[in-house]
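1. return a 3D structure for these sequence lines:
(chains A, B and C)
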Amino acid sequence: MPELPEVEVVRAGLERHVTGATITSVAVLHDRPVRRHPGGATSFAAALTGRKVVGTRRRGKYLWLPLDNSDDAERVSGGDSGQQAARATPPDTLPAGDALLVHLGMSGQLLVQPPHAPAERHLRVRIGLDRAWELRFVDQRMFGGLSVSAGGADLPPEIAHIARDPLDPLFDDTEFVARLRRRTAGVKRLLLDQGLISGIGNIYADEALWRSGLHGERPADRLTRAQAIELLRHVREVMVEALDQGGTSFDSLYVNVNGESGYFDRALHAYGREDAPCDRCGTAIRRVAFMNRSSYFCPRCQPAPRRRRVV
DNA sequence: CGAGGTACCTGAGAGC
DNA sequence: TGCTCTCAGGTACCTC
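-> Just a heads-up that it's a prediction; the model follows:
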């Protein structure tokens, strides 16, 4: 389940192995992963073929590969008439470059493989490159997906609503703390709100809350400023630790997001530890249902909030 | 606008 | 053995 650190490890791997490569072929083996691309698989393949990958970018759990603006390639538009839109663009306003936008969802992987390597069980999209390897999108559950974003090189408009992530140098701590403390929802729900802060998933939310001694259902507007700042600090701490562990196992061509990333080896204090003793106080970790998933917490270190008084 | 709920999707594993 | 059920969860979309 890739969260920010895993996606960043993938981005770094792609930066090394894919930047500068030209896409020579695209094979979409399942429609669902390209469902967000207007025009579907055929349009997706046409929009990519012949384009050159000129970089790698990430915001939260999204990553995108800016493409060159080669005139040979079919220009992408927001709608279904790409060529007309391209010609309608005034010549003095060169459109921002397009980008291949990627979300790994729950089980997505981007692999760099030799073309002759056997197909993975859940191989969905193959992207041939003018290299000794190709890019593969493998995704069992297909919550993830790929699309070509028109003019999305700098920031794809499809993800304009996604907030900056806490490792972004332009992330505004003060603004985040203020916005968080204006909300009445439980603090875990808000950590998972990608429009408020991006990159955090269920696992890192639980870990950051455990480190902060905060229960996930604590209303955000009941946090002190100091508590909110401390929570943000712990979010960053958990992510950086994960990044440090994941970053070392990616020397090979194999760019992975599950297993080898060190993700599951990492010492987790709360997530997945139901009934195990809390590493701080020894109390049994509890699991409760939350938003169609699970929350893990120490009932002693992270006491449940009292019910808000009905006014 | 915010809060909170649900559909989407597949396969592993449990229980019978 | 084979069936059914539950669970994993990020995001878009829905209602209130």
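2. in the stretch 151-300 of chain A, what residue comes closest to DNA strand C?
-> Nearest residue of the stretch 151-300 of chain A to DNA strand C (Cβ to the nearest atom of the strand) works out as residue A:201 at 3.0 Å. C-beta: built from backbone N, CA, C; applies to glycine.
3. who's in contact with that residue?
-> Going by Cβ atoms under 8 Å, 6 or more residues apart in numbering, residue A:201 touches A:1, A:2, A:3, A:61, A:192.
4. any idea how far it lies from residue A:290?
-> Per Cβ to Cβ, to the nearest Å, residue A:201 is found 13 Å from residue A:290.
5. for the stretch 1-150 of chain A, which residues are neighbours of DNA strand C?
-> Residues of the stretch 1-150 of chain A lying close to DNA strand C (Cβ under 7 Å from any atom of the strand) are A:1, A:3, A:60, A:61, A:62, A:103, A:105, A:106, A:141, A:143.
6. mind checking pLDDT for the residue lying closest to residue A:199 once chain neighbours are set aside?
-> What sits nearest to residue A:199 in space, not counting adjacent residues and going by Cβ to Cβ, 6 or more residues apart in numbering, is residue A:4, at 3.1 Å. Residue A:4 is assigned 90 on the pLDDT scale.
7. and if you look at residue A:310?
-> 50.
8. residues in contact with residue A:96?
-> A:151, A:152, A:153, A:154.
9. quick one on the thing from earlier: of the residues of the stretch 1-150 of chain A next to DNA strand C, which are in range of DNA strand B?
-> Applying Cβ under 7 Å from any atom of the strand to these, those adjacent to DNA strand B are A:106, A:141, A:143.
10. ok, of the residues you listed, which one's closest to residue A:277?
-> Nearest to residue A:277 among those, counting by Cβ to Cβ, is residue A:106 at 29.0 Å.
11. neighbours around the closest one, how many?
-> 14 (other Cβ atoms under 10 Å).
12. ok now stretch A:121-128, how far from the chain's centre?
-> A distance of 19 Å separates the centroid of the chain from that of stretch A:121-128, by Cα atoms, centre = their mean, to the nearest Å.
13. kindly format the C-alpha coordinates of it as PDB.
-> Output in PDB follows, covering the C-alpha atoms of stretch A:121-128 (Å, rounded to 0.1, in the frame of the first residue of the first chain):
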ATOM      1  CA  ARG A 121       0.700 -12.000 -13.200                       C
ATOM      2  CA  HIS A 122      -1.100  -8.700 -13.000                       C
ATOM      3  CA  LEU A 123       0.700  -6.900 -15.800                       C
ATOM      4  CA  ARG A 124      -1.700  -4.200 -17.100                       C
ATOM      5  CA  VAL A 125       0.300  -1.800 -19.300                       C
ATOM      6  CA  ARG A 126       3.700  -2.200 -21.100                       C
ATOM      7  CA  ILE A 127       5.500   0.900 -22.200                       C
ATOM      8  CA  GLY A 128       8.400   0.200 -24.600                       C
END
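14. that one and DNA strand B in contact?
-> Yes: for stretch A:121-128, a contact with DNA strand B is found by Cβ under 7 Å from any atom of the strand, at A:121, A:122.
15. for that stretch, the averaged confidence score.
-> 94.
16. run through who's touching it.
-> A:23-30, A:32-34, A:48, A:107, A:115, A:134-140, A:142, A:146.
17. ok so, going back, switch the contacts of residue A:96 over to JSON lines; also include distance to DNA strand C.
-> Shown next, in JSON lines, are those (distance: Cβ to the nearest atom of the strand, whole Å):
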{"residue": "A:151", "distance to DNA strand C": "17"}
{"residue": "A:152", "distance to DNA strand C": "13"}
{"residue": "A:153", "distance to DNA strand C": "18"}
{"residue": "A:154", "distance to DNA strand C": "18"}
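18. please identify which pair of the contacts of residue A:201 lies farthest apart.
-> Longest span within the contacts of residue A:201, Cβ to Cβ: A:2 and A:192, 14.4 Å.
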